[in-house]
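[1] Following is a predicted model, sequence given first.
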Amino acid sequence: MHASRSPVCRAGAWNDAGPSGRRSPLQTGLAILLLGLAGGPTAAQDATPPNPPLPVVHFTEARAYDLRSTLRLSGSVEAPRSSIVATEVQGVVEELLVHEGDRVDAGSPLVQLRREPLELALRAKRGELAEAKARRDEARQKLERYRELFAANVTSQEEVDAAAFDHQAWQGRLDQLQAEVARLERDLEQTTVRAPFAGFVYREHTQVGQWLAVGDPVVELVSLDRLRVRIEVPSSHFGKLRPGSPATVAIEGNGHPPVTGRIQAVVPRANLQARTFPVLVALPASARGIGVGMLADVELPLGQPAPAVIVPKDALILDRGDAFVYLLRDDDTVARVAVKAGAGAGDWIAVEGEVAVGDRVVIRGNERLEPGQRVRAEPREYPLP
């Protein structure tokens, strides 16, 4: 008789094969789980995520600068010279030499009228002139002969007077014909209608084959020299503006930077409805890409210069009507400071607020900053206006 043996439970007993000598799938899974838990933290748990790179910003220092307050107004570009060019002689249009949009120089031909009628009239009048000259010369010789005969007591005073009258009559006829020939020559020259100044053709007023009387329009010509901007200034600022003062002009839509013009005239006659005064701002000859009728924003200086704190315009951020700048602190964090924008000067603008001369103002990379954010700052110089 064999005594039966009871199984003994011990650590690691389940690592041995069961009664059948093989390990079950459940045993295998539990063993893997226990080994994972006993193995400590994994490599992924040991790794520390890297810090994100600091945003790079550029800064410059706020400066002290003497500025004048400014007045900003909108106006339009106009040409000081425009003309509806007319013909000075009558005739049929034989050739239209320009069209709308063409640029012309002073003296360039615009329209050619038919010349033949005037050429024939001029030829006939020159024939009459030659005959009158011959008659005048004959009368002068006759007068000289009669004077000699009168001196020799051969003829009477009446005959001398008649010869003198005949000579004077032909001389008058000669003068008249000379004037008529000069007029016809001038009329013949005027059959070519020329541009009175350099500019561009704004509108055509005639066509080939059309009969033109004296004074009929040919083309409308607009000068591009010495363009100017007309603005309407409120009466409260009328006495603050002086001819010759500078004005900054930005032309809308021409893709060029603002230019510096000069106040050409302050017209002392108000618009009775708006109570504004016309002011003309002359544009520099170097201005490019400007056409008549373009919209323009004009900045006019007012009063005397006064000290101000200025920052580059790139530092100014607008948010729903409020303006602020970011200042760079000593610990390389940024602070958001509310400001009030003032007069501009080139790439700079005056600000009022908690910004002092020498403060480092962020000018690049400031669009996505948050107050207190740490940054990597690099200096950048801005030339003063």
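    Structure's in. What do you need?

[2] Now do the contacts for Val222.
    79, 81-82, 199-200, 202, 292 (Cβ atoms under 8 Å, 6 or more residues apart in numbering). Backbone N, C-alpha and C define where each C-beta goes, glycine included.

[3] what about 10 Å?
    78-83, 197, 199-203, 291-293 (Cβ atoms under 10 Å, 6 or more residues apart in numbering).

[4] Same check on Glu252?
    74, 76-77, 294-297.

[5] pLDDT score assigned to Val8?
    At Val8, the pLDDT value in this model is 39.

[6] Count residues in the vicinity of Pro52, would you?
    Pro52 sits with 6 neighbouring residues when counted by other Cβ atoms under 10 Å.

[7] which SS state does it fall under?
    Judged by DSSP: H, G, I helix; E, B strand; the rest coil, the three-state class of Pro52 is coil.

[8] show me where the stretch 151-300 of the chain has helices.
    Ranges of helices in the stretch 151-300 of the chain, per DSSP state H, counting those that start in this stretch, are 157-190.

[9] Which parts of it are strands?
    192-194, 199-204, 211-212, 217-222, 228-234, 246-251, 259-266, 276-282, 295-312 (DSSP state E, counting those that start in this stretch).

[10] Can you redo the ones you listed as JSON lines, where the extra columns are distance to Val181?
    Below are the strands of the stretch 151-300 of the chain laid out as JSON lines (distance: least, Cβ to Cβ, whole Å):
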{"stretch": "strand 192-194", "distance to Val181": "19"}
{"stretch": "strand 199-204", "distance to Val181": "34"}
{"stretch": "strand 211-212", "distance to Val181": "23"}
{"stretch": "strand 217-222", "distance to Val181": "26"}
{"stretch": "strand 228-234", "distance to Val181": "45"}
{"stretch": "strand 246-251", "distance to Val181": "53"}
{"stretch": "strand 259-266", "distance to Val181": "46"}
{"stretch": "strand 276-282", "distance to Val181": "46"}
{"stretch": "strand 295-312", "distance to Val181": "53"}
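
[11] Rebuild the ones you listed as CSV, extending it with mean pLDDT and distance to Leu328.
    Shown next, in CSV, are the strands of the stretch 151-300 of the chain (pLDDT from 0 to 100; distance: least, Cβ to Cβ, whole Å):
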stretch, mean pLDDT, distance to Leu328
strand 192-194, 97, 65
strand 199-204, 94, 52
strand 211-212, 97, 73
strand 217-222, 96, 52
strand 228-234, 95, 40
strand 246-251, 91, 30
strand 259-266, 93, 32
strand 276-282, 95, 39
strand 295-312, 89, 12
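
[12] could you point out which element follows the worst-scoring helix or strand of the chain on mean pLDDT?
    One helix or strand of the chain scores below all others by mean pLDDT, DSSP states H and E: helix 43-46, with a mean of 49. Using DSSP states H and E, the helix or strand that directly follows helix 43-46 along the chain is strand 56-61.
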